[in-house]
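Trainee: Pasting the sequence and the predicted model now:
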Amino acid sequence: MLIAGFPAGSFGANCYVVAPGPHERCVVIDPGEDAVRPLEDLLREHDLQPAAVILTHGHLDHMWSVTPVCGAHDIPAYIHPDDRYMLADPLKGVSPQLAAMVGDATFTEPADVRELKDGGRLDFAGALGFDLVVGHAPGHTRGSVTFRLPGGVEGPANSSPGDADPDVLFSGDLLFAGSIGRTDLPGGDPQAMLESLARVVLPLPDDTLVLSGHGPQTTIGRERASNPFLRGLKDAGSARPGL
């Protein structure tokens, strides 16, 4: 497997590409602000052809470039239906202060938008040779999702050769190294966030590699041991803030 990425724009949202290897078709995850040029450089570097763009949620720092990327490659965009409204009007999902910073930027939906379902498996009609499992994880937004790549894949492009992890979790803004996503923006819900962490994150094996929407990579085991927001969580029904 080939997994590579870069932080995009002033928000530093991580954009990833996932492919079976070089010279293959790939999926693009979360092309944010100013992502078009570095994404095209990454595609050329590895000789990759995008098959789809998939979005962990609808916040503009993760979907700013989705329409130009989809249009340039004639590919669909996938998003959870609860966040689809932000594709055409992402300012509905941000604070008034941030909306003022965006200025006169305009946004439109890609020509082909498809909706993600909890537990769905994305294989893009076998075009990629691997599946991504969708996990609905509301809390940061109502339509936040994670993407889990199961089973024995090579780590990101900057990993040591032979580094293999049973699963890779693209966590979006659900889980970060040492922290979690904010819940104070429109559509955020602190209790839903805790329940999503307990339901989506805690059951995963400790050696699961976590590639977050912002910041460095981590593992489930590292976060289970040190992330203050995971302490005290057991399951969705009893999720409470940690001690």
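Mentor: Okay, I see it. Since we're looking at a predicted model, the values are computed, not measured. Numbers count the residues shown, from 1 in each chain.
Trainee: Could you check how many residues crowd around the nearest residue to residue 217 once chain neighbours are set aside?
Mentor: Spatially, and ignoring its direct neighbours in sequence, residue 217 is nearest to residue 211 (5.4 Å; CB to CB, 6 or more residues apart in numbering). For every residue, glycine as well, the C-beta is placed using N, CA and C. Residue 211: 23 surrounding residues under other CB atoms under 10 Å.
Trainee: contacting residues for residue 211?
Mentor: 3, 5, 14, 16, 156, 168, 169, 170, 171, 217 (CB atoms under 8 Å, 6 or more residues apart in numbering).
Trainee: can you give me the helices in this protein?
Mentor: Secondary structure of the chain by DSSP state H: the helices cover 36-46, 60-63, 66-73, 85-88, 96-102, 190-196, 220-226.
Trainee: Of all those, which one is nearest residue 143?
Mentor: helix 85-88 (8.3 Å; CB to CB).
Trainee: And that closest one, what's buried?
Mentor: Buried residues in helix 85-88, counted by 16 or more other CB atoms under 10 Å: 85, 86, 87.
Trainee: just stretch 89-96 next, same as before
Mentor: 90, 91, 93, 94.
Trainee: Pull it out as CSV, backbone CA atoms only.
Mentor: Output of stretch 89-96 as CSV, limited to C-alpha atoms (Å, rounded to 0.1, in the frame of the first residue of the first chain):
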residue,chain,number,x,y,z
ASP,A,89,-22.4,26.6,1.9
PRO,A,90,-19.5,25.6,4.2
LEU,A,91,-19.9,28.9,6.1
LYS,A,92,-22.9,27.4,7.8
GLY,A,93,-20.5,25.1,9.7
VAL,A,94,-18.1,27.7,11.1
SER,A,95,-18.1,30.5,13.6
PRO,A,96,-19.0,34.1,12.5
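Trainee: circling back to that earlier point, I'd like to know how far the residue nearest to residue 217 sits from residue 110.
Mentor: Residue 211 sits at a distance of 23 Å from residue 110 (criterion: CB to CB, to the nearest Å).
Trainee: go on, residue 80?
Mentor: Taken as CB to CB, the span from residue 80 to residue 110 is 15 Å.
Trainee: Those two: which has the busier surroundings?
Mentor: residue 80 (23 against 20).
Trainee: Please report the number of neighbouring residues for the closest residue to that one other than its chain neighbours.
Mentor: Leaving aside its chain neighbours, residue 80 sits nearest to residue 143 (3.4 Å; criterion: CB to CB, 6+ apart). Neighbours of residue 143 under the rule other CB under 10 Å: 24.
Trainee: possible to save the buried residues of stretch 89-96 as JSON lines with pLDDT and distance to residue 36?
Mentor: Shown next, in JSON lines, are the buried residues of stretch 89-96 (pLDDT from 0 to 100; distance: CB to CB, whole Å):
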{"residue": "90", "pLDDT": "86", "distance to residue 36": "16"}
{"residue": "91", "pLDDT": "85", "distance to residue 36": "20"}
{"residue": "93", "pLDDT": "83", "distance to residue 36": "21"}
{"residue": "94", "pLDDT": "80", "distance to residue 36": "21"}
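Trainee: Out of these, which is nearest to residue 10?
Mentor: residue 94 (13.5 Å).
Trainee: so what's the closest one up against?
Mentor: Shown in contact with residue 94 (CB under 8 Å, 6+ apart): 59, 60, 102, 185, 186.
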